[in-house]
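Colleague: Have a look at this prediction, sequence included:
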Amino acid sequence: MTKGLRLVLFGPPGAGKGTQAQLLRERLNLTHISSGDLFRHHLGLGTPLGLRAKEYMNRGDLVPDEVTIDIILEKVMSIPSDGGFILDGFPRNPNQADVLDKKLAADSRDLDVVVHLKVSESELLNRLGGRYICRDCQSPHSIGEGEDTTDKKCDRCGAGLYQRDDDAPAAVMKRIEVYNEETTPLLGFYQQRGVLVEIPGDHSVDRVNKLIMTALNS
Ligand code: AP5
Ligand code: MG
């Protein structure tokens with residue numbers, strides 16, 4: 001049996017990591033692990049982890065490593081060793097990347113590819129301003145300005161939609177700043193390892209997906 005792909009989807013807030021992860025997960029039969037979705041799931045349940053994460057998330061700051069790393073690594077390492085996965089939103093700083101790298105290497109399952117979705121800041125702001133999330137499955141949806149959202153339901157599961165607190169303009173600007181300062185240094189780290197693939201992400205969802213599939217097949 002061939003092993004599944006071990007993939008990181010990398011990019012700024014609103015780059016389309018969650019959107020592309022859903023398409024790739026279905027097409028390539030991969031487990032999708034999103035750190036942000038996991039924190040929001042805990043927040044919805046009102047767990048201590050969710051409440052702790054909330055204060056950082058709503059400001060647009062990273063949740064501390066001592067809260068984040070163990071919970072994500074536990075998910076990753078629970079996947080069978082030949083199973084593929086998509087990491088979405090993790091790693092997000094050099095320490096997270098280092099710990100992940102060592103943990104995977106110790107189990108002989110290094111990352112195959114890190115896909116960097118490059119999107120202009122104006123497009124990020126535009127997308128996040130119109131983003132609504134499913135209350136149940138967390139799928140992102142785009143709603144046009146002035147469109148009535150009252151009866152909008154999730155395309156995938158039919159549950160209601162809401163806007164994330166951290167999509168308020170001040171938090172979005174802070175998230176972009178944190179991404180530029182703390183997360184982009186990882187690009188050099190993955191480039192040196194020869195696993196980084198750059199994808200222009202300003203195109204339509206389908207076009208970006210085709211570009212990713214072409215890169216993965218080559
Ligand atoms: P997280 O949930 O990971 O948020 P993020 O990285 O800021 O990214 P987003 O989820 O906002 O964007 P996305 O790239 O998934 O875009 P999407 O597909 O939704 O993290 C949230 C917070 O949790 C962090 O700020 C931090 O506090 C904490 N956290 C998470 N991970 C952490 C970690 N490792 N360490 C510490 N803290 C952590 O698309 C956006 C919108 O655009 C949608 O409406 C979508 O429909 C639309 N869209 C997507 N693609 C296209 C396209 N090609 N064309 C047009 N529209 C598109
Ligand atoms: Mg996301």
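Modeller: Yes, it's here. Ligands and ions are numbered 1, 2, ... in the order given.

Colleague: residues in contact with the most centrally placed residue in the chain?
Modeller: Central residue of the chain (CA atoms, centre = their mean): D88, 2.9 Å from the mean position. D88 sits next to L9, K17, G18, A21, H32, I33, S34, S35, G36, D37 when contact means CB atoms under 8 Å, 6 or more residues apart in numbering. (C-beta placed from N, C-alpha, C; glycine too.)

Colleague: Quick check: the fourth one touching S34?
Modeller: The reference is to A21. Yes. Using CB atoms under 8 Å, A21 is in contact with S34, at 6.8 Å.

Colleague: picking up where we left off before, next step: the contacts of D88 restricted to strands.
Modeller: Mapping the contacts of D88 onto strands (DSSP state E) picks out L9, H32, I33, S34.

Colleague: Show me the shaky parts of the chain.
Modeller: Within the chain, the stretches with pLDDT under 70 are 1.

Colleague: now the helices: where do they sit in it?
Modeller: 17-28, 35-45, 48-59, 65-77, 94-106, 121-129, 169-178, 185-192, 205-217 (DSSP state H).

Colleague: Just send those helices back as JSON lines, with distance to ligand 1 and mean neighbour count too.
Modeller: Converted to JSON lines, the helices of the chain look like this (distance: least, CB to the nearest ligand atom, whole Å; neighbours: other CB atoms under 10 Å):
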{"stretch": "helix 17-28", "distance to ligand 1": "3", "mean neighbour count": "19"}
{"stretch": "helix 35-45", "distance to ligand 1": "2", "mean neighbour count": "18"}
{"stretch": "helix 48-59", "distance to ligand 1": "4", "mean neighbour count": "16"}
{"stretch": "helix 65-77", "distance to ligand 1": "4", "mean neighbour count": "15"}
{"stretch": "helix 94-106", "distance to ligand 1": "6", "mean neighbour count": "15"}
{"stretch": "helix 121-129", "distance to ligand 1": "3", "mean neighbour count": "16"}
{"stretch": "helix 169-178", "distance to ligand 1": "5", "mean neighbour count": "16"}
{"stretch": "helix 185-192", "distance to ligand 1": "11", "mean neighbour count": "15"}
{"stretch": "helix 205-217", "distance to ligand 1": "4", "mean neighbour count": "15"}
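
Colleague: for those, which one sits closest to C157?
Modeller: Taking CB to CB, helix 17-28 is the member of the helices of the chain nearest to C157, at 11.8 Å.

Colleague: Please enumerate residues in contact with the closest one?
Modeller: 4-5, 7, 9-11, 30-32, 34, 36-37, 84, 86, 88-89, 115, 117, 138-140, 205, 208-209, 212-213, 216.

Colleague: Any idea how far it is from the middle of the chain?
Modeller: 10 Å (CA atoms, centre = their mean, to the nearest Å).

Colleague: go on, stretch 60-67?
Modeller: So, by CA atoms, centre = their mean, the centroid of stretch 60-67 is 15 Å from its chain's centroid.

Colleague: what's the span of that stretch, first residue to last?
Modeller: Length of stretch 60-67, first residue to last, CA to CA, to the nearest Å: 16 Å.
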